[in-house]
Structures are given as C-alpha cells and as structure tokens.
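Student: Predicted model and sequence below, questions to follow.
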Amino acid sequence: MDILIPEELAVTALQSLSEKYTVVREGALWRDQEKLKSRAREARTLMVRNQTQVTAELIASAPNLIAVGRLGVGLDNIDVAAATKAGVVVVAPLDANATSVAELTMGLLLALARRIPEADRTTKSGAWDRKGSMGIELDGKTVAICGFGRIGRLVAARARAFGLKVLVFDPFVREDSPALSDVSAKLCDRLEDALANADFVTTHSPLTPETERMFNRQTFAAMKRGAYFINTSRGGVVNETDLMDALKDGHLAGAALDVREIEPPDSRSGFEELSNVILLPHIGAATIEAQTRTFETVAGDLDRILQNQPARNFVNFALPRR
Ligand code: NAD
C-alpha cells in the first residue's frame with residue numbers, strides 16, 4: 001500500500017495519485033486507533049487531515065512508513081518528534097491556508113461588530129429590528145493578535161485596512177521585526193498588556209503545552225469589559241467553561257469560535273443558546289483555493305518521496321531516514 005488515507009477525502013482529488021499508486025481510502029479509520037495501527041503496518045505513506053492522531057505508537061507500528069502528509073497546517077495531531085526519531089518525513093503545506101483563515105477571521109470580526117448573524121436571524125423570523133441590531137465600527141478600535149505568524153500577520157494587514165490599531169503578543173517575535181513595522185503594530189511583552197487595551201482579541205498561535213488553555217478565567221478577566229474574542233486557531237487554547245462565564249456575566253460582548261476543545265463538540269455546550277456567540281464547524285481553511293493548494297502540495301510531495309526525490313514542504317527533513 002503506497003498511500004493510506006484514514007479520513008474522508010474527495011475521490012476526484014485522488015484520481016491522479018490513484019493512477020500511479022495503490023491508494024487506500026477508509027474514511028472512518030481514524031476513529032479506531034487499533035484498526036488504524038493494523039492497516040498502517042502495510043502503508044508506505046499516510047495522508048491525514050486533522051482527525052487522525054499520528055502518535056508515536058502508530059508510527060512504531062508502521063515499519064514501512066516513510067512519510068506522513070498533513071492536509072493542513074496545525075501539527076498538533078502529529079507527533080513530529082516521534083516521526084523525526086523514526087526517520088519519517090512529515091510534509092505540511094504551511095502556507096496553503098493562511099489567506100483563507102485570515103479572511104474568515106476578518107469576517108468574524110465584522111460579523112461580531114455589526115451583529116450580522118443576529119440581525120439575519122431576527123429578520124428571517126419576521127422582525128424588522130433596527131434598534132436591536134446596533135453595532136460598532138472597526139475604524140479606530142484596537143485588535144490584539146495573539147500569535148504573529150503567517151495567519152496573524154495577514155490578519156494584521158487586513159485589520160489595518162479597516163482602520164484598526166494592532167497590538168501583538170508573540171514571545172518569539174522581536175521588537176525590531178519588519179513584520180511589525182510593516183503594519184504599524186505594537187509588540188506587547190505580556191499577553192495581559194495586549195488584552196487590557198483591545199476591543200477585539202484574536203488568537204493565531206499553535207496549540208502547544210504553553211498555549212493550552214492560555215485563554216482562561218484570568219486572561220478573560222484581563223480583557224477590556226465589552227471586548228470581543230475570536231478563535232480560529234485551535235480549540236485547546238481556550239478554556240470553554242471560563243469563556244462561557246465571561247460571556248454570561250457580560251464581561252465579554254461576544255465571541256466567535258471556529259474551533260473547539262473537542263471536535264465535533266460531543267454535547268450542547270451552552271454557547272448555542274447565546275445570541276452573541278458565533279459558532280462555526282472548523283471552516284478556516286474551507287475554501288476551494290485553500291483546499292486545492294493544500295491537496296496539490298501534499299500530493300506532490302508524497303509523489304516525490306515515493307519516487308525517492310526530496311520533498312519541498314517538509315517540517316523535519318526532505319528524504320526518509322529509515
Ligand atoms: P505560524 O507557525 O506561522 O504562526 C504561529 C505563531 O504563534 C508564531 O509566530 C509563534 O511564534 C506564535 N506563538 C508560539 N507560541 C506562542 C505563545 N505561547 N503565545 C503567543 N504566540 C505564540 O502558524 P500559522 O500558519 O499562522 O497558523 C496558526 C494556527 O492557526 C495553526 O497552528 C493552526 O492551529 C491554526 N489554523 C487553523 C485553521 C482553521 O481551519 N481554523 C487553519 C489553519 C491553521
């Protein structure tokens with residue numbers, strides 16, 4: 001088996017690979033780790049979205065595995081250290097999604113500020129509630145961007161075009177970085193300093209032990225009363241119970257969540273009842289352009305690796321070391 005795909009993927013996209021390789025597509029395989037381990041034993045490469053957990057154990061049980069292609073950006077479902085130790089190439093199209101996620105983030109900022117989903121709901125239910133749909137302008141407000149990487153930077157540029165002032169918290173960005181001066185952004189040493197001065201807070205950091213639940217009771221309390229919170233990064237950076245409390249007691253004016261602690265959420269969380277919360281089913285990268293770029297990048301690299309040629313979009317090394 002050349003390529004094992006343990007998640008749902010459009011058949012049409014796979015046509016060119018299927019003509020050249022043995023491609024096995026089992027959409028529900030990611031749900032059963034034991035079955036996945038047994039199927040992976042024969043696989044030379046894996047192509048995964050965000051649902052398959054590529055653990056050290058899975059890698060250890062796949063002696064023929066030479067590469068893992070991640071159809072997306074976040075690498076929190078792949079044990080990259082274990083893959084590297086085993087000599088397995090990890091491929092990810094790190095640039096493919098950024099524009100789509102940044103555009104969705106701006107959409108959410110505007111939707112929260114102008115209460116677009118609420119106004120849509122009430123109008124469709126027969127009301128004509130102009131007073132209840134009062135919003136705020138973005139122009140002249142401040143947005144705090146937590147995580148100033150590919151997506152954070154694109155959000156900053158777009159936010160500037162709307163007249164927002166930009167504050168940045170990112171412990172790995174230097175104060176003299178041109179990426180900051182390009183968008184007249186101010187770097188804050190402490191997350192709380194950025195939060196205290198922002199009307200909108202949007203998070204674009206990866207999920208790591210340091211960022212896990214970094215948005216919690218304490219950090220929500222550090223936000224300005226009446227501010228809005230947006231998460232299009234990873235659900236795990238937010239303590240959802242604490243966010244719910246901050247919304248319910250009116251400290252936050254609203255929130256938009258594209259990503260959740262558990263996906264899909266296994267029970268109704270209570271957010272569904274709040275009219276000032278926008279919930280999306282992890283669609284940051286769900287555009288035709290991002291999906292096409294992502295698939296072509298990963299498919300191209302798995303093809304190269306299977307032909308003993310170096311990958312171009314690797315996160316550890318270009319050729320397998322096993
Ligand atoms: P990136 O690696 O380019 O940028 C991440 C930034 O976060 C880096 O600048 C890094 O220094 C910073 N960072 C690291 N630790 C931090 C911390 N403790 N506090 C603040 N900042 C910290 O990644 P990217 O391409 O911009 O993507 C960001 C995240 O967006 C991804 O990791 C992924 O989880 C998420 N994402 C979501 C979707 C979606 O569909 N909603 C799609 C793509 C990516």
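Tutor: Sure thing, it's come through. Quick caveat, the model's predicted, so the values are computed rather than measured. Residues are numbered from 1 along each chain as shown.
Student: in terms of contact, does residue 203 touch residue 144 like I think?
Tutor: No - here residue 203 lies out of contact with residue 144, judged by C-beta atoms under 8 Å, at a distance of 9.1 Å. C-beta here means a position set from N, CA and C on the backbone, and glycine is covered the same way.
Student: So which residues on the protein come close to the ligand?
Tutor: 73-74, 97-98, 101, 146-152, 169-172, 204-208, 210-211, 232-234, 258-259, 282, 284-285 (C-beta under 6 Å from any ligand atom).
Student: Buried subset of those residues, written for PyMOL?
Tutor: Buried members of these, defined by 16 or more other C-beta atoms under 10 Å, are picked up in PyMOL with:
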select buried, resi 73+74+97+98+101+146+147+148+149+150+151+152+169+170+204+205+206+207+211+232+233+234+258+259+282+284+285
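Student: Looking at the residues of the chain next to the ligand, which are in helices?
Tutor: 98, 101, 150, 151, 152 (DSSP state H).
Student: Pull the contacting residues for the nearest residue to the third one once chain neighbours are set aside.
Tutor: What that stands for is residue 150. Among residues not flanking residue 150 along the chain, residue 98 sits closest, at 4.1 Å (C-beta to C-beta, 6 or more residues apart in numbering). Counting by C-beta atoms under 8 Å, 6 or more residues apart in numbering, residue 98 makes contact with 73, 150, 151, 154.
Student: What does the pLDDT read for the first one?
Tutor: For residue 73, the pLDDT comes out at 83.
Student: Residue 77: neighbour count?
Tutor: 17 (other C-beta atoms under 10 Å).
Student: Look up how far residue 177 lies from it.
Tutor: Look at residue 77 and residue 177: by C-beta to C-beta, to the nearest Å, they are 29 Å apart.
Student: cool, and residue 239?
Tutor: On the measure of C-beta to C-beta, residue 239 and residue 177 end up 30 Å apart.
Student: Also residue 148?
Tutor: When residue 148 is compared with residue 177 (using C-beta to C-beta), they lie 8 Å apart.
Student: ok, now residue 87?
Tutor: Per C-beta to C-beta, residue 87 is found 34 Å from residue 177.
Student: show me the contacts for residue 193.
Tutor: Residue 193 neighbours (C-beta under 8 Å, 6+ apart): 167, 169.
Student: mind listing what's buried in the host helix or strand of it?
Tutor: Taking DSSP states H and E as the definition, one finds residue 193 inside helix 191-196. For helix 191-196, a neighbour-count test (16+ other C-beta under 10 Å) marks 191, 193, 194, 195 as buried.
Student: Next up, the contacts around the closest residue to the first one other than its chain neighbours.
Tutor: Of all residues not flanking residue 191 in the chain, residue 169 sits nearest, at 4.7 Å (C-beta to C-beta, 6+ apart). Neighbour list for residue 169: 144, 145, 146, 147, 148, 187, 188, 190, 191, 193, 194 [criterion: C-beta under 8 Å, 6+ apart].
Student: Now do the contacts for the last one.
Tutor: For residue 194, the contacting residues are 144, 145, 146, 167, 168, 169, 188, 201, taking C-beta under 8 Å, 6+ apart as the criterion.
Student: Look through the stretch 101-250 of the chain and state the residue closest to the ligand.
Tutor: residue 149 (1.7 Å; C-beta to the nearest ligand atom).
Student: for the stretch 201-322 of the chain, same thing?
Tutor: Counting by C-beta to the nearest ligand atom, the stretch 201-322 of the chain gets nearest the ligand through residue 284, at 2.4 Å.
Student: pLDDT at the residue nearest to residue 191, what is it?
Tutor: 98.
Student: swap in residue 16?
Tutor: Note on residue 16: pLDDT of 88.
Student: hmm, who's touching the helix or strand harbouring it?
Tutor: Taking DSSP H and E as the definition, residue 16 sits inside helix 15-20. When contacts are defined by C-beta under 8 Å, 6+ apart, helix 15-20 is touched by residues 3, 23, 299, 302, 303.
Student: what's the burial count for residue 40?
Tutor: 24.
Student: and the most centrally placed residue in the chain, how far is that from residue 137?
Tutor: Central residue of the chain (C-alpha atoms, centre = their mean): residue 233, 3.7 Å from the mean position. Using C-beta to C-beta, residue 233 is found at 26 Å from residue 137.
Student: cool, residue 202 as well?
Tutor: From residue 202 across to residue 137, the span is 17 Å (C-beta to C-beta).
Student: between those two, who's got more neighbours?
Tutor: More neighbours surround residue 202 than the other of residue 202 and residue 137, with 27 against 11 (other C-beta under 10 Å).
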